[in-house]
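here is a sequence together with a model predicted from it:
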Amino acid sequence: MKSSIAAGRADPRRINADLHCHSLMSDGTLSPSAVVERAAAQGVEMLALTDHDNLAGLGEAAARAAGLGLPFVPGVEVSVTWGGETIHVVGLNVDPQDATLEEGLARTRSGRDARAVEIGEQLAAVGIPGAYEGALRYVGNPALVSRTHFARFLVERGFCRDVSDVFSRFLVEGRPGFVPQRWAAMDEAVEWILCAGGQAVLAHPGRYRLDRVQHHAMISDFRDAGGVAIEVVSGSHTVAQYAEYARVAVEFGLLASRGSDFHGPGESHVELGQVPPLPDSVVPVWHDWEIAA
Ligand code: AMP
Ligand code: MN
Ligand code: MN
Ligand code: MN
């Protein structure tokens with residue numbers, strides 16, 4: 001039976017919704033089933049799995065969630081290039097069978113393997129051999145080799161303390177192992193999500209290296225393309241950014257989303273479901289959702 005997730009709740013902002021996390025189908029470390037089980041154990045009341053650029057984990061996650069009676073939202077996190085910067089756009093309530101979305105994602109991820117080979121070559125040139133093969137050992141989905149898999153290899157070999165240490169010394173612009181990639185265009189990514197019946201959410205807006213003017217232009221472009229929400233409370237945001245992006249949501253007339261961006265135990269600093277509730281000033285993206293419970 002479908003019913004409104006917000007019905008009967010005095011304040012829908014208080015629902016423990018985690019609408020951003022990853023499994024082994026992209027750069028998380030747990031299987032889709034294990035992510036769902038862990039979310040339920042952590043008190044999550046509604047979960048979206050949002051793997052990067054693919055939908056392969058959604059069937060398994062939905063089946064496990066149904067078994068546990070946990071409301072489940074099929075999602076995806078699409079890699080976008082805007083103004084030369086990588087931006088992430090989350091799709092929520094997408095149809096996992098939608099051909100337009102799947103074709104767009106297939107195109108978006110198609111350059112990943114060649115990029116990974118180049119990352120390996122760059123690391124070899126600074127005295128770190130075998131990184132491509134080493135990263136592949138962490139990959140759960142051959143279609144989705146990510147910088148995170150290289151990061152795990154660099155930690156394993158003792159080159160870095162942890163994954164965030166890796167991203168300050170390697171794999172980013174100006175450092176060894178950075179290979180620029182052209183991802184989807186903003187309007188295409190949003191269009192695929194809309195085609196698949198979903199809602200487009202700008203992921204962790206506080207993370208992008210854009211100045212004020214560019215930031216404003218990027219959010220305007222996202223909204224003009226048909227985007228309807230931004231992540232306000234994110235595991236990738238600071239406490240100050242919760243308030244800042246609540247103001248941005250109100251200013252731009254966007255709904256607000258909430259998610260941990262969990263990648264795995266011991267690696268993510270934020271556990272599934274363990275981020276604060278949305279601020280009172282915003283309207284949650286789930287305010288009018290009908291969801292199977
Ligand atoms: P890719 O899509 O291959 O470029 O890899 C991007 C992924 O790297 C993101 O989804 C994060 O999981 C991870 N990542 C990027 N920057 C950082 C960072 N500073 N700390 C930890 N993980 C990061
Ligand atoms: Mn990731
Ligand atoms: Mn992201
Ligand atoms: Mn993410």
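Thanks, I have it. Ligands and ions are numbered 1, 2, ... in the order given.

please make it C-alpha for all contacts and neighbour counts, starting now.
OK.

next, give phi and psi for Gly75.
Gly75 adopts backbone torsions of phi -140, psi 180, taken as degrees, to the nearest 10.

ligand 1 contacts on the stretch 1-150 of the chain?
For the stretch 1-150 of the chain, the residues in contact with ligand 1 (C-alpha under 6 Å from any ligand atom) are Ser146, Arg147, Thr148.

name the member of those with the shortest distance to Gly8.
Thr148 (40.6 Å; C-alpha to C-alpha).

give the closest residue to the closest one in space, chain neighbours not counted.
Leaving out its chain neighbours, the residue that sits closest to Thr148 by C-alpha to C-alpha, 6 or more residues apart in numbering is Asp27, at 6.1 Å.

contact partners for the one you found?
Contacts for Asp27 were tallied using C-alpha atoms under 8 Å, 6 or more residues apart in numbering; they are Asp51, His52, Val139, Gly140, Leu144, Val145, Ser146, Thr148, His149, His263.

so how far is Gln97 from it?
22 Å (C-alpha to C-alpha, to the nearest Å).

what about whichever residue of the stretch 1-150 of the chain sits closest to ligand 1, neighbour count?
Per C-alpha to the nearest ligand atom, Ser146 is where the stretch 1-150 of the chain lies closest to ligand 1, at 3.3 Å. Ser146 has 20 neighbours, counted by other C-alpha atoms under 10 Å.

in space, what's closest to it - neighbours in sequence excluded?
Nearest to Ser146 is Asp27, by C-alpha to C-alpha, 6+ apart, at 6.5 Å.

so that neighbour, which state does it fall into?
Classification of Asp27 using DSSP: H, G, I helix; E, B strand; the rest coil returns coil.

before we move on, what about Leu101?
Recorded secondary structure, Leu101: helix (three-state DSSP).

hmm, it is touching Ile193, no?
Yes. Leu101 lies in contact with Ile193 (C-alpha atoms under 8 Å); the separation is 6.4 Å.

more neighbours: which of these two?
Ile193 (30 against 27).

can you give me the mean pLDDT across the helix or strand encompassing the more buried one?
For Ile193, the host element (DSSP states H and E) is helix 186-195. Mean pLDDT, helix 186-195: 98.

before we move on, what about stretch 212-222?
For stretch 212-222, mean pLDDT is 97.

next up, the contacts around Phe178.
For Phe178, the contact set (C-alpha under 8 Å, 6+ apart) comprises Ile119, Gln122, Phe170, Leu171, Val172.

buried sites along the strand or helix carrying the second one?
Going back to what we said before, that points to Gln122. Element membership for Gln122, per DSSP H and E: helix 112-125. Of all the residues in helix 112-125, those buried under the rule 16 or more other C-alpha atoms under 10 Å are Arg112, Asp113, Arg115, Ala116, Glu118, Ile119, Gly120, Glu121, Gln122, Leu123, Ala124.

which SSE is immediately downstream of that helix?
Going down the chain from helix 112-125, the next helix or strand is helix 131-136, by DSSP H and E.

now tell me what touches that next one from outside.
With contact meaning C-alpha under 8 Å, 6+ apart, helix 131-136 is reached by 116-117, 119-120, 123-124, 145, 149-154.

any chance of JSON lines for these, columns pLDDT?
Shown next, in JSON lines, are these (pLDDT from 0 to 100):
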{"residue": "Ala116", "pLDDT": "98"}
{"residue": "Val117", "pLDDT": "98"}
{"residue": "Ile119", "pLDDT": "98"}
{"residue": "Gly120", "pLDDT": "98"}
{"residue": "Leu123", "pLDDT": "98"}
{"residue": "Ala124", "pLDDT": "98"}
{"residue": "Val145", "pLDDT": "98"}
{"residue": "His149", "pLDDT": "98"}
{"residue": "Phe150", "pLDDT": "98"}
{"residue": "Ala151", "pLDDT": "98"}
{"residue": "Arg152", "pLDDT": "98"}
{"residue": "Phe153", "pLDDT": "98"}
{"residue": "Leu154", "pLDDT": "98"}
